[in-house]
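Trainee: prediction below, plus the sequence it came from.
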Number of protein chains: 2
Amino acid sequence: MKEVEQLLESKQIRITAMRLLIYKFLAEKEVAVTLSDIENAFAKADRTTLYRTVKTFEDKGIVHQIDDGTGITKYALCEKGCNCEIETDLHLHFHCNNCNETVCLTEHKIPQIKVPNGFVSENVNLVVKGICDKCSA
Amino acid sequence: MKEVEQLLESKQIRITAMRLLIYKFLAEKEVAVTLSDIENAFAKADRTTLYRTVKTFEDKGIVHQIDDGTGITKYALCEKGCNCEIETDLHLHFHCNNCNETVCLTEHKIPQIKVPNGFVSENVNLVVKGICDKCSA
DNA sequence: AAATTAAGTGCAATGGAAGTGCATTTTTAG
DNA sequence: CTAAAAATGCACTTCCATTGCACTTAATTT
């Protein structure tokens, strides 16, 4: 667990029990989670705390937000080398219409998208929907 | 206006004054609109009616929904040949971070996206964010 | 054309998620 | 150990999406 503490410290995030727990929770999940998911996992904690914790993680760049089209924002840990800030380094997300889970396909980069003259691309959000590997098996 | 009525009839949508007006409104707009936008344009009408009208249009395939990441769903008329249902014929959307408007880039098709083994792609949502032509000028 | 049925419309209310203000506790720094 | 800063918890608020029910309008049947 020392690693996690070091990571948080390196990002200038104070270490609290809550934060370690939430980090651990996110790390264990291999899918993107909603705030409600976290809420259910930590029923004793307050929604606001969880909300702000995730937001802190996001601000500090250890979590990225995912808009998979369900209308509910989801979160996932940034992996090593996930430079969310850099527009050219965005991976895509896959949303399963069956189990409703969303996963990061980190190794799949988003191809360069051409836009018409006059348009300036700063950011790209790409969500593929369909059936995930677990559900199609 | 006969054209519109014919279009609605061909899609098995009953013709009402409200629907003609809303269709006209959408047709005039070259950007995707929110429910609030429609609401403002038709202050006399009820939100629910507008909501359901748009939903009807959507169900019948003459309007498509756009999730541009602002958290508010937007709507735009499907253009001729906009087969929203068909996965391979999806165009992309551009959201301007400056004026907050979202436009369909109908002529820009989404490139084929590869997904890992076991995943089945049914649908792709691609939103490019940046500065639109009007704002960058 | 009148009556019956079906669909559309309006009003009121609900629900869910996101976000804010403030008091209290915990952690860090002097 | 004490003062300051940050984190947490509680109570609200807001905004958009959605639904139930009554009422009106349009379509169909006799």
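Mentor: That came in fine, so what should we check first?
Trainee: quick check: residues of chain A near DNA strand C?
Mentor: Proximity of chain A to DNA strand C (Cβ under 7 Å from any atom of the strand) is limited to residues A:14-17, A:34-36, A:47-48, A:51-52, A:72-73. Bear in mind the C-beta positions are built from the backbone N, C-alpha and C, glycine included.
Trainee: how about 6 Å then?
Mentor: Counting by Cβ under 6 Å from any atom of the strand, the residues of chain A lying close to DNA strand C are A:14-16, A:35-36, A:48, A:51, A:72-73.
Trainee: list the buried ones in the longest strand seen in chain A?
Mentor: Taking DSSP state E as the criterion, chain A has its longest strand at strand A:120-131. Judged by neighbour count (16 or more other Cβ atoms under 10 Å in any protein chain shown), strand A:120-131 contains these buried residues: A:120, A:124-131.
Trainee: quick one: which of the residues of chain A next to DNA strand C is nearest chain B?
Mentor: Each of these was checked against chain B using Cβ to the nearest Cβ; the closest is A:Thr73, at 7.8 Å.
Trainee: isn't that closest one right next to A:Thr34, touching?
Mentor: Yes. With contact defined as Cβ atoms under 8 Å, A:Thr73 reaches A:Thr34; the gap is 7.2 Å.
Trainee: interface residues of chain A facing chain B?
Mentor: By the rule Cβ under 8 Å from any Cβ of the partner chain, the part of chain A lying against chain B is A:67, A:69, A:71, A:73, A:92, A:94, A:97, A:105, A:108, A:111, A:113-134, A:136-137.
Trainee: quick check: the gap between A:His95 and B:Leu7.
Mentor: Taken as Cβ to Cβ, to the nearest Å, the spacing of A:His95 relative to B:Leu7 amounts to 32 Å.
Trainee: those two: who's more crowded?
Mentor: Here A:His95 and B:Leu7 are set side by side on neighbour count (other Cβ atoms under 10 Å in any protein chain shown), and the busier one is A:His95, at 23 against 14.
Trainee: assumed the more buried one was part of a helix.
Mentor: No. Going by DSSP: H, G, I helix; E, B strand; the rest coil, the assignment for A:His95 is strand, not a helix.
Trainee: quick check: it touching A:Ile72?
Mentor: No. If you go by Cβ under 8 Å, A:His95 and A:Ile72 don't touch, sitting 11.2 Å apart.
Trainee: on the three-state scheme, A:Asp37 is what?
Mentor: Here A:Asp37 takes the helix state, with states given by three-state DSSP.
Trainee: and for A:Cys135?
Mentor: Under three-state DSSP, A:Cys135 falls in the helix class.
Trainee: burial count for the residue nearest to it when sequence neighbours are not counted?
Mentor: Nearest non-adjacent residue to A:Cys135, counting by Cβ to Cβ, 6 or more residues apart in numbering or on different chains: A:Asn98, 4.1 Å away. Neighbourhood size, A:Asn98 [other Cβ under 10 Å]: 12.
Trainee: surely A:Gly71 is in a strand?
Mentor: No. Following the definition three-state DSSP, A:Gly71 is coil and is not counted among the residues of a strand.
Trainee: which ones are touching it?
Mentor: Listed by Cβ atoms under 8 Å, 6 or more residues apart in numbering or on different chains, the contact set of A:Gly71 reads B:67, B:71, B:73.
Trainee: OK, contacts around A:Ile13?
Mentor: Under the criterion of Cβ under 8 Å, 6+ apart, the contact list for A:Ile13 reads A:19, A:56-57, A:60, A:62.
Trainee: which element is A:Cys104 on?
Mentor: In this structure, A:Cys104 is located in strand A:102-109 according to DSSP states H and E.
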